[in-house]
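build me a structure from this.
(2 chains)
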Number of protein chains: 2
Amino acid sequence: MSLDETAQKPHDRLGAYLACDLERVNALIRERMASEHAPRIPEVTAHLIEAGGKRLRPMLTLAAARLCGYDGDHHIRLAATVEFIHTATLLHDDVVDESRQRRGRPTANLLWDNKSSVLVGDYLFARAFQLMVEPGSLRVLEILSNASATIAEGEVLQLTAAQDLRTDEGTYLKVVRGKTAALFSAATEAGAVLAGADDTEVEALFTYGDALGIAFQIADDLLDYGGTTAAIGKNVGDDFRERKLTLPVIKTVAKADEAERAFWRRVIEKGDQREGDLEQALRLMARHRAMEATRDDALGWAERAKQALVALPAHDLRDMLADLADYVVARVN
Amino acid sequence: MSLDETAQKPHDRLGAYLACDLERVNALIRERMASEHAPRIPEVTAHLIEAGGKRLRPMLTLAAARLCGYDGDHHIRLAATVEFIHTATLLHDDVVDESRQRRGRPTANLLWDNKSSVLVGDYLFARAFQLMVEPGSLRVLEILSNASATIAEGEVLQLTAAQDLRTDEGTYLKVVRGKTAALFSAATEAGAVLAGADDTEVEALFTYGDALGIAFQIADDLLDYGGTTAAIGKNVGDDFRERKLTLPVIKTVAKADEAERAFWRRVIEKGDQREGDLEQALRLMARHRAMEATRDDALGWAERAKQALVALPAHDLRDMLADLADYVVARVN
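Residues are numbered from 1 along each chain as shown, chains lettered A, B, ... in the order given. Reported below is the predicted structural model:
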């Protein structure tokens, strides 16, 4: 890919537009992830935070605040808060999922141990809460503490729903809203509230973040069955091997005949997976056109995200956010 | 033990004095630990929260607020906050320590799994932050978010320091301040700040909580080598088997000759423990009078806790807090 093409990506255009802010966010993250007493903390955190994360969530906060005319300093703190919450959930997710790879590198639980991932994750949560208190806005605190509860609730729900074939699209959406969209929508809403935006703008940015997060997660779940290891930074079929009931499978199971249901019961509910099962799963998804239907859902959520932006004033950032919504689902097109 | 003797315990006298407040705290805890979407959450939480916890930390918040003349409602929320933070750390601790027993019952990680303990702990942390935002006091938020970071930092420090024979009493104190005293002192300080107490009173209650927490943890670490399973709700020698370098061992290692150091290196650093090693550890502690020295430290911290209370106005609650400081170390006398 040429440099020109790279420069065209909406994510990179946002990054270029917000470069000064992002530099300050990164400096604040490095400052706050330090620990005087426990050197293990910055080691583990640096492994993840420096590992080429896209800083998507902090960019959403910065963009929302700027788009609503904010010219103070506190959006830097909120953006770092959002990245800390995200990093903490990644550390805990990798323990829960027993993952071995993240962003193309070995996970912290593999390099150190589960204990370090649990406790350093807790530390980052606490640092996030310290940071979010600093702007002194109770409304922002409500938004971000509510999002934290929704995230954890979504993760627990996933734990019990993931391997249960009765899980339907409604439950899937609840899980996705929790584990992914809650932080996206809190990131954009908190930026708008910090900027003193009016209710219409705040609601528009909340709705944008919510729909963007859902589109993003559906695309991610689709790529797990259709992407390449290089593109997704983990192995194709990881969700299948971890017996996670994601949207492509839910749609396939909904159309399954008795023999197919027996297959899904064996591989997902019982976890008895054999050579060739992933290929069989892919064949069943193709038979019921589940990949296409899932992709249509992702595109629909991206469209809703763009629609929400109409309520906001014309602004370069507004256009970039709209392009970003297209971009997160373009991966699956 | 007769009912009369029970009624004499300072903990029970505090509980009786604060009975109405505590009832409201318990109701709020039950209300907020619910989850509309994920029934696993209240199951796990109830297992721990209903398991006869002493509600010591929420009582400290209630007592501090009342002692400083508070007559509002928000101390109930802060007390529930403190109990949620405590419960979340217990859930994560049991995962990190691979514990099998807590408060005389099987741990949540044993009854469900590590995943549930990690994620339900995260949920309780988030619920705690939601609750602490509600009183609308930024100073209280600073106190409690700082305490959360100190707790996590202390836990990580313990992870790296616990099996390292170079760990000295200074490091031990940092770990104890983090994992135990930070929440005690935040509980008392937040209660005082909520009540609008002056700086002297706030500082006095902070110092009381800090010293009480340290006395409490030292006593706990001593009981691990000298108590009975019934009294401590876990097995005697658990810290030894988990290779945790606590104060009795640190004091014994500091006086060890070469042969004794080789013993400690084998059982703590290398974790190569054999039949009779716990008994040998106890003999070495006796030889160097480490139990007596540890008990003296605990008594010293209890004394400091009581001294701090002198700056506060005369009040039944002040006397009960003083008695409580004696009580937490009376277990080791």
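
mind listing what's buried in the strand or helix carrying A:Gly209?
A:Gly209 is part of helix A:199-226, with elements assigned from DSSP states H and E. Across helix A:199-226, burial judged by 16 or more other CB atoms under 10 Å in any protein chain shown covers A:201-202, A:204-226. Placement of C-beta: from N, CA and C, glycine included.

tell me which helix or strand comes right after the worst-scoring helix or strand of chain A on mean pLDDT.
Here the helix or strand of chain A ranked lowest by mean pLDDT, DSSP states H and E is helix A:3-8, holding a mean of 50. Downstream of helix A:3-8, the next assigned helix or strand under DSSP H and E is helix A:10-17.

where in the stretch 51-200 of chain A is pLDDT low?
For the stretch 51-200 of chain A, the stretches flagged by pLDDT under 70 are A:51-52, A:103.

contacting residues for the residue most central in space within chain A?
For chain A, the residue whose C-alpha lies nearest the mean C-alpha position (CA atoms, centre = their mean) is A:Thr180; its distance is 4.3 Å. A:Thr180 is in contact with A:154, A:213-214, A:216-217, counting by CB atoms under 8 Å, 6 or more residues apart in numbering or on different chains.

against A:Leu299, how distant is it?
Remark: distance between A:Thr180 and A:Leu299 (CB to CB, to the nearest Å) = 17 Å.

do A:Thr207 as well
Distance from A:Thr207 to A:Leu299, by CB to CB: 17 Å.

repeat that for A:Asp21.
On the measure of CB to CB, A:Asp21 and A:Leu299 end up 30 Å apart.

cool, and A:Gly170?
20 Å.

more crowded one of the two?
A:Leu299 (19 against 9; other CB atoms under 10 Å in any protein chain shown).

leaving out chain neighbours, which residue sits closest to that one?
In space, and not counting its chain neighbours, A:Leu299 is closest to A:Val329: 5.5 Å by CB to CB, 6 or more residues apart in numbering or on different chains.

that neighbour reaches A:Ala302, doesn't it?
Yes. Contact criterion CB atoms under 8 Å: A:Val329 and A:Ala302 qualify, at 4.5 Å.

mind listing the helices for the stretch 51-200 of chain A?
Under the criterion DSSP state H, counting those that start in this stretch, the stretch 51-200 of chain A contains helices at A:56-67, A:74-96, A:108-111, A:114-133, A:138-161, A:169-176, A:182-194, A:199-226.

quick check: which of those is buried the most?
The highest mean neighbour count among these, using mean count of other CB atoms under 10 Å in any protein chain shown, belongs to helix A:182-194: a mean of 28.

from the contact counts, what lies against that helix?
helix A:56-67, helix A:74-96, helix A:138-161, helix A:199-226 (3 or more CB pairs under 8 Å, 6 or more residues apart in numbering or on different chains; DSSP states H and E).

out of those helices, the one nearest B:Phe184 is which?
Proximity to B:Phe184, assessed across the helices and strands packed on helix A:182-194 by CB to CB, is greatest for helix A:138-161 (23.1 Å).

quick one: is that closest one near chain B?
Yes. Counting by CB under 8 Å from any CB of the partner chain, chain B has neighbours in helix A:138-161: A:138, A:141-142, A:145-146, A:148-149, A:151-157, A:159-160.

max pairwise distance over those residues: which two?
Spanning the widest gap among the residues of helix A:138-161 next to chain B are A:Leu138 and A:Thr160, at 33.4 Å by CB to CB.

chain B contacts on the stretch 201-333 of chain A?
Within the stretch 201-333 of chain A, no position is near chain B by CB under 8 Å from any CB.

just want the residue of the stretch 201-333 of chain A that's nearest chain B.
A:Glu242 (11.6 Å; CB to the nearest CB).

and for the nearest residue to that residue once chain neighbours are set aside, the neighbour number?
Take A:Glu242 and drop its neighbours on the chain: the residue closest to it by CB to CB, 6+ apart is A:Asp97, 5.9 Å away. Residues near A:Asp97, counting by other CB under 10 Å, number 18.

nice, that's everything, thank you.
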